[in-house]
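> sequence-free structure coming up:
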Ligand SMILES: [Zn+2]
């Protein structure tokens, strides 16, 4: 099996406190950040990493997202995962695999549309997301998980298929994972998920602020930095506003 193409998808914009992006920095300062997902084309089907925001919130914000609706800044139907697939002329039934970096609400919004895909989830994430600790429970919206009856439960680093793997980057959540892809160009790309929100998290070895376990989040951040620097892996962070224009293109191909 080979990887043929890869895209990063802009799935809408939310407002968060700066201290959530950089631990203990900028309390009370609001930042508007993108929410993204990654799509990989292989000769055996498509692999989707995260599914963005739930576009049911366009017409019914509170009904879809509860209290999280207050964070929405810019969301329309075109940000949804189905619209993205359609714009790339991809049938949703051709998405063979779905893996979420973790099961927070802004990474699982389109999961319910992908019930035909094989879902890969870390054992620790699955356990935790079904009964999260109180202090982080509001970030998990169980009705969005779209869990199939038999998800593929993985533990730690996992090779999905040749050129496509999941790396355990726990800390943000107990079973957080990142995606590593060997591109047709021979280079590799690493989708950090929320192990790094911003390029600055990695450049400054400064983790995001809302980790379930800060020591683990810090170790995972250093591991990502190592992969970037040693293996010359292209780092793709998912929530960095410096990388997107609000009114610009919503799909970017990674080569
Ligand atoms: Zn996130």
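Arrived safely, thanks for sending. These numbers were taken from a predicted model, which means no experiment stands behind them.
> CA atoms for contacts and neighbours, from now on please.
OK.
> which residues touch the residue nearest to residue 122 when sequence neighbours are not counted?
Leaving aside its chain neighbours, residue 122 sits nearest to residue 154 (4.8 Å; criterion: Cα to Cα, 6 or more residues apart in numbering). Residue 154 makes contacts with 120, 121, 122, 123, as judged by Cα atoms under 8 Å, 6 or more residues apart in numbering.
> show me the contacts for the second one.
So the one you mean is residue 121. Per Cα under 8 Å, 6+ apart, neighbours of residue 121: 99, 100, 151, 152, 153, 154.
> The third one and residue 78, how far apart?
Distance of residue 151 to residue 78, computed by Cα to Cα, to the nearest Å: 28 Å.
> Does anything pack onto the lengthiest helix in the chain? Which helices or strands?
Ranked by residue count and defined by DSSP state H, the top helix of the chain is helix 214-230. Applying 3 or more Cα pairs under 8 Å, 6 or more residues apart in numbering; DSSP states H and E, we find helix 214-230 packed against helix 199-203.
> which residues sit against the longest helix of the chain?
169-172, 190, 192, 195-196, 201-203, 205-207, 211, 233-235.
> That helix: what's the following helix or strand?
strand 234-236 (DSSP states H and E).
> so of the contacts of residue 154, which ones are in helices?
Reading helices off these with DSSP H, I get residue 123.
> Separate out the buried members of the contacts of residue 154.
120, 121, 122 (16 or more other Cα atoms under 10 Å).
> And the longest helix of the chain, how far out from the chain middle?
Its chain's average C-alpha position is 17 Å from that of helix 214-230, according to Cα atoms, centre = their mean, to the nearest Å.
> do the same with stretch 202-221
16 Å.
> Next, the buried residues of it.
Under the neighbour-count criterion of 16+ other Cα under 10 Å, stretch 202-221 has 202, 205-212, 214, 216-221 buried.
> quick one: which of the residues you listed is nearest residue 129?
Residue 129 has its nearest neighbour among the buried residues of stretch 202-221 in residue 212, at 11.9 Å by Cα to Cα.
> hang on, that closest one packs against residue 194?
No: using Cα atoms under 8 Å, residue 212 is not in contact with residue 194, being 11.6 Å away.
> list the residues that contact both of these two?
Joint contacts of residue 212 and residue 194 (Cα under 8 Å, 6+ apart) are residue 172.
> With distance to residue 51 and pLDDT added, can I get the contacts of residue 154 in TSV?
Putting those into TSV (distance: Cα to Cα, whole Å; pLDDT from 0 to 100) gives the following:
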residue	distance to residue 51	pLDDT
120	13	98
121	14	98
122	16	98
123	19	98
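> Can I get the contacts of residue 154 in CSV including distance to residue 2?
Output for the contacts of residue 154, formatted as CSV (distance: Cα to Cα, whole Å):
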residue, distance to residue 2
120, 19
121, 22
122, 24
123, 27
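> now, which of the contacts of residue 154 sits nearest residue 180?
Distances from residue 180 to these, taken by Cα to Cα, are shortest for residue 120, at 14.2 Å.
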